[in-house]
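S.K.: compute the structure for the input listed below.
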Amino acid sequence: MNPSLVTAINAPISPSPRSPLLSHFLPTLPHRFSKSECLSRRRYRVSFPRSSAASSDQLSVSTQAKNPGIHGNKKELTGLQPIVEKMTPPVRLATSAVVLAASLATGYGLGLRLAGSRNIAFGGAAVAGAAGGAVVYALNSAVPEVAAISLHNYVAEFEDPASVTKDDVEKIADRYGVNKGDEAFQAEICDIYCRYVTSVLPTEGQSLKGDEVAKIVKFKNALGIDEPDAAAMHMEIGRRIFRQRLETGEREGDAEQRRAFMRLVYVSALVFGDASSFLLPWKRVLKVTDAQVEIAIRENAKQLYAERLKLVGRDINVENLVDLRKSQLSFKLSDELAEDLFREHTRKVVVENISSALSILKSRTRAAKSLASVVEELEKVLEFNNLLVSLKSHSEADQFARGVGPISLIGDESDFERRMDDLKLLYRAYVTDALSGGRLEENKLVAMSQLRNILGLGKREAEAISVDVTSKSYRKRLANAVSSGDLEAQDSKAKYLQKLCEELHFDAQKAGAIHEEIYRQKLQQCVTDGELSDDNVAALLRLRVMLCIPQQTVDTAHAEICGTIFEKVVRDAISSGVDGYDAETRKSVRKAAHGLRLSRETAMSIASKAVRRVFTNYIRRARAAENRTDSAKELKKMIAFNTLVVTEMVADIKGESSDKAPEEDPVQEKEEDDEDEEWGSLESLRKTRPDKELAEKMGKPGQTEITLKDDLPDRDRIDLYKTYLLYCVTGEVTRIPFGAQITTKRDDSEYLLLNQLGGILGLSSKEIVNIHVGLAEQAFRQQAEVILADGQLTKARVEQLDELQKQVGLPQPQAEKVIKNITTTKMANAIETAVNQGRLNIKQIRELKEANVSLDSMIAVSLREKLFKKTVSDIFSSGTGEFDETEVYQTIPSDLSIDVEKAKRVVHDLAQSRLSNSLVQAVALLRQRNSKGVVLSLNDLLACDKAVPAEPMSWEVSEELSDLYAIYSKSDPKPAPEKVLRLQYLLGIDDSTATALREMEDGALSSAAEEGNFVF
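M.R.: Just a heads-up that it's a prediction; the model follows:
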């Protein structure tokens, strides 16, 4: 804090009004206190001597005797004060009484003597008494000031004002008989307190030490100052800091004043505790928000706690942690911040060792023992971490500082998170040292896990480093065991290797991977000349037995390493082409196949991959061809490549003669014979299996072991076979000028190539037969659809179809199936059209079913439901009045193959809708005097009622209902009595009216029918 601010704070408190500058920022706000509170919270003025020779001499003497301290020099007594200072309260009281009595007596005597009158004597006594009273008043009024000066001088005598006790202050007050609430005495107490608080707060460039609050509280209690008065002094100090900040023009000065103010706010909050919220109105007086107050408390508490943490090193103990917890609570620091600060401190302690270890590890001139120094630093880190872990599980851990626990560099503000590679080097160095003895102890394994957590390494990263270092150690020990002969001398080599893994805590699977790698390296050394000798095979077998390598792993290694060499030989042989596969090439293939000790299955698998790759290229070019002829030519090249190159190479790999015909599978021969008997009429299929004479003319057949069955989808393989089959059937088409073309027929040898193509594509005999049958059916169907265009099958058309069948070679059952499908499709279309046009009824449907026509497949369900609805509607409009439930609900739905429950719902809906319509129609015909039509409509009404029994119906003109009943009951032929009774019920006619209507003559109908038009 700068000197000007100290001077301003140490200045005496004055009750003068606010300065114009500060008053602009500090608006006057009314304080809601009582009168006594207002007096206790007002600012008091403390007088300082400024003149008088005596006082100047005393002041100079005092200054020479002692340098001024916090509260300045001693104050001198003036006027009556020295006299008052020497009087005790009883003496002062007696003196006051004597002075007053003497004044009265003197005044009375002088008046009586001079004037000789008692009245004048009383007047003189009054005047003299007033003068004596003034002297007495002056004497007593000086007592508080003398007490205040005495208190000031007493406190000024101490180098440390904190030595003042409460008893000392009370003795001074009792000595002069004053009360602490006296204005002058209280003002001096406030001034002393304000000066002391100002002296305790850190000066410019310094931070809080942590003992300020205790000193202030102790001094406050010693002075006996009230909480509101003490808070007023804190507010006054804040005002002066605020004013000094406004007067400061420099940025650094402004920042320093802000820090000083934050320290004042923090110390004040701790001094007054929870009462600070209403005793210290920072927000109202200085416009300081609650958030700023919280920040001031938080930052200063963090600073003090951090200072306390600096006193704690790596030898931390229980007492240190308890003291830290008490300090945290006294500093009002939250547990979260305290935990973060403690963890940050422990990280800093660890970082010192980490940095030292890294500097040693990266030193260019590091000695041979540098690794030991690095490990020593890391051991210190682990020791400190173990100490914190043990303290965390202490029985009194709840009384310890927050944040005690394992250390981690993750989250530190240092750059170790960006230097993860350096931390990995440290971890590697520690693991290397742990394995330096050839085994890994349990305590080292635990320490490695703790060090991984401290360094913040991921599990995979640490495991990768551990595996790498352990692998090197395992290789070293394995090499020593092999070179010394210990491993070979063991009865159980697997147990020896397992024990070695257990000593190093090494995974057996990773050890097996190392064994495999060693075997592969040995194998690569043995096949440098392109083949394996007997000595090489023996050495590999010995190595395999010592390392306990499974046979599957050995086979895989041979397949990959030897297979790579063999694959190169096969690729060179294939790339030589049809003309380049000579005796020299065949010799190299035989040497590679047998010299590399590959199994026949492995060699064939390698050759198959290379050959299928070439086959795929032919297929790709065949698909990209512009027409069928070009595509067939590419396929023919593939067939020739298979015959001249692949077939020879397969024989060389197997060690067989290429002139020997491949053995046929007896099961496959039997299947082909059965298919020949069934589909022997197919000419194209018969030509693919030529006689012996043609087979000898064409030469040896191609191999069928390497196929494209697993490389191409079934659809693609079938399409390729169809393409070449159509080429064999149609021949080669050559285009000539003027848009003409010439078709050149091919001989039966093309069908032999087609058979070989089927083998290359991996098509089974059944699939080939299906392709030939499918093409034959397609050709027959196209011609048959033209012949049966109208769906009518006549005798002449039957003969024409028989001739077409013989030409195509399609068997009779297949031809009949095609013809039936065509005729059935035509008939289904005709039936569907008839249903849509309403030209098909239930009677015709039954006739078609009797003729074994499958209506379920020809007529859709929606159309059958539509036909059922039309049939029921015809029944309700037939005019017979009959409704057969069995016919409608069972027989007709069965004939149409529709759901019975759904049919019932259709009937009920139609009956309910037609019931009222029939009545309206009958009335309309009545008005037209159409008696026959009336009878038919009423019959329809009765039919609907039989389907869905109805309630009596209502009509506006009851006479018309009577006429309807009369006409129906007298109709010819006479209706059944039950129908007449049911109609009577539905029309709502009682029995007497019904009897009268039946006996009425025909011409006596009511006139309602005649006037029906108007009524309606």
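S.K.: now for Val650, how many residues are close by?
M.R.: When neighbours are counted by other CB atoms under 10 Å, Val650 registers 24. The C-beta positions use only the backbone N, C-alpha and C, and glycine is treated the same way.
S.K.: meant to ask about Tyr266, not that
M.R.: As a burial measure, Tyr266 scores 25 neighbours (other CB under 10 Å).
S.K.: thought it was touching Asn300?
M.R.: Yes: when contacts are counted by CB atoms under 8 Å, Tyr266 is listed as touching Asn300 (3.8 Å).
S.K.: joint contacts of those two?
M.R.: Leu208 (CB atoms under 8 Å, 6 or more residues apart in numbering).
S.K.: okay, helices next: where are they in the stretch 551-700 of the chain?
M.R.: 551-575, 577-580, 583-595, 600-624, 628-641, 647-654, 666-679, 683-687, 692-698 (DSSP state H, counting those that start in this stretch).
S.K.: highest mean neighbour count out of these?
M.R.: Mean neighbour count, computed with mean count of other CB atoms under 10 Å, is highest for helix 647-654 among the helices of the stretch 551-700 of the chain, reaching a mean of 21.
S.K.: using PDB, write down the CA coordinates of that helix.
M.R.: The C-alpha coordinates for helix 647-654 follow below in PDB (Å, rounded to 0.1, in the frame of the first residue of the first chain):
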ATOM      1  CA  THR A 647      -5.100 -78.200 -66.600                       C
ATOM      2  CA  GLU A 648      -1.300 -78.700 -67.200                       C
ATOM      3  CA  MET A 649      -0.400 -76.800 -64.100                       C
ATOM      4  CA  VAL A 650      -2.900 -78.700 -61.900                       C
ATOM      5  CA  ALA A 651      -1.300 -81.900 -63.100                       C
ATOM      6  CA  ASP A 652       2.200 -80.600 -62.300                       C
ATOM      7  CA  ILE A 653       1.100 -79.600 -58.800                       C
ATOM      8  CA  LYS A 654      -0.400 -83.000 -58.200                       C
END
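S.K.: what residues does it touch?
M.R.: By CB under 8 Å, 6+ apart, the residues outside helix 647-654 that reach it are 570, 573-574, 581, 586, 589-590, 593, 600, 603-604, 607, 611, 657-658, 660, 700, 702-703, 705-706.
S.K.: list the contacts of Tyr537.
M.R.: Just so we're on the same page, residue 537 is Val rather than Tyr. Counting by CB under 8 Å, 6+ apart, Val537 has contacts Arg597.
S.K.: any idea how far it lies from Cys562?
M.R.: Val537 is 12 Å from Cys562, where distance means CB to CB, to the nearest Å.
S.K.: now for those two: what residues contact both?
M.R.: Common neighbours of Val537 and Cys562 (CB under 8 Å, 6+ apart) are Arg597.
S.K.: how many residues are close by Asp491?
M.R.: 6.
S.K.: which stretch of helix or strand covers Asn443?
M.R.: Per DSSP states H and E, Asn443 falls inside helix 442-455.
S.K.: what mean pLDDT does that helix have?
M.R.: Helix 442-455 shows a mean pLDDT of 89.
S.K.: what does stretch 985-1001 give?
M.R.: The model assigns stretch 985-1001 a mean pLDDT of 79.
S.K.: also stretch 708-721?
M.R.: 88.
S.K.: again, but for stretch 234-242
M.R.: Here the average pLDDT along stretch 234-242 is 86.
S.K.: distance from the chain centre to it, please.
M.R.: Centre-to-centre, stretch 234-242 and its host chain are 54 Å apart (CA atoms, centre = their mean, to the nearest Å).
S.K.: could you do stretch 887-894 as well?
M.R.: With CA atoms, centre = their mean, you get 62 Å for stretch 887-894.
S.K.: just the residues contacting it, thanks.
M.R.: Stretch 887-894 is contacted by residues 842, 868, 871-872, 875, 899-900, 903-904, 907, 947 when judged by CB under 8 Å, 6+ apart.
S.K.: include distance to Gln984 when you put those into JSON lines, please.
M.R.: Listed next are the contacts of stretch 887-894 as JSON lines, based on distance: CB to CB, whole Å:
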{"residue": "Ile842", "distance to Gln984": "33"}
{"residue": "Phe868", "distance to Gln984": "33"}
{"residue": "Thr871", "distance to Gln984": "30"}
{"residue": "Val872", "distance to Gln984": "26"}
{"residue": "Ile875", "distance to Gln984": "23"}
{"residue": "Asp899", "distance to Gln984": "37"}
{"residue": "Val900", "distance to Gln984": "33"}
{"residue": "Ala903", "distance to Gln984": "31"}
{"residue": "Lys904", "distance to Gln984": "28"}
{"residue": "Val907", "distance to Gln984": "25"}
{"residue": "Ala947", "distance to Gln984": "19"}
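S.K.: ChimeraX command to pick out the buried ones of the residues you listed?
M.R.: Applying 16 or more other CB atoms under 10 Å to the contacts of stretch 887-894 leaves a buried subset, and the ChimeraX line that selects it is:
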select :842,868,871,872,875,903,907,947
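S.K.: farthest-apart pair in the contacts of stretch 887-894, please.
M.R.: Greatest spacing in these, by CB to CB: Ile875 and Asp899 (19.1 Å).
S.K.: got the phi and psi for Ala625?
M.R.: With angles defined as degrees, to the nearest 10, Ala625 sits at phi -70, psi 150.
S.K.: where's the closest residue to it other than its chain neighbours relative to Thr616, distance?
M.R.: Excluding its sequence neighbours, the residue lying closest to Ala625 (CB to CB, 6 or more residues apart in numbering) is Ser631, at 3.9 Å. To Thr616, Ser631 is 15 Å away according to CB to CB.
S.K.: same question for Pro813.
M.R.: Using CB to CB, Pro813 is found at 39 Å from Thr616.
S.K.: would you enumerate the residues in contact with Leu712?
M.R.: So Leu712 contacts 619, 720, 761 (CB under 8 Å, 6+ apart).
S.K.: ugh, typo on my part, it should be Lys215
M.R.: Applying CB under 8 Å, 6+ apart, the residues near Lys215 are 162, 200.
S.K.: and the angle for the host helix or strand of Arg460 with helix 442-455?
M.R.: In this assignment (DSSP H and E), Arg460 forms part of helix 459-484. Here the directions of helix 459-484 and helix 442-455 differ by 150 degrees (axes from the mean of the first three to the mean of the last three CA atoms, to 10 degrees).
S.K.: list the buried residues in helix 459-484.
M.R.: Buried-residue list, helix 459-484, by 16+ other CB under 10 Å: 461-462, 465-466, 469-471, 473-474, 477-478, 481.
S.K.: redo those as CSV? Include pLDDT.
M.R.: Shown next, in CSV, are these (pLDDT from 0 to 100):
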residue, pLDDT
Glu461, 90
Ala462, 90
Ile465, 93
Ser466, 92
Val469, 92
Thr470, 92
Ser471, 92
Ser473, 91
Tyr474, 90
Arg477, 89
Leu478, 89
Ala481, 89
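S.K.: closest to Gln551 out of these?
M.R.: Using CB to CB, these come closest to Gln551 at Leu478, 20.9 Å.
S.K.: next, find the distance separating that closest one from Thr553.
M.R.: 17 Å.
S.K.: equivalent analysis for Asp182, please.
M.R.: 104 Å.
S.K.: what's the burial count for Ala255?
M.R.: Going by other CB under 10 Å, the residues that sit close to Ala255 add up to 12.
S.K.: what strand or helix carries it?
M.R.: Counting by DSSP H and E, Ala255 is found in helix 251-272.
S.K.: just name whatever secondary elements that helix is in contact with.
M.R.: Packing partners of helix 251-272 (3 or more CB pairs under 8 Å, 6 or more residues apart in numbering; DSSP states H and E): helix 212-223, helix 227-247, helix 276-279, helix 290-310.
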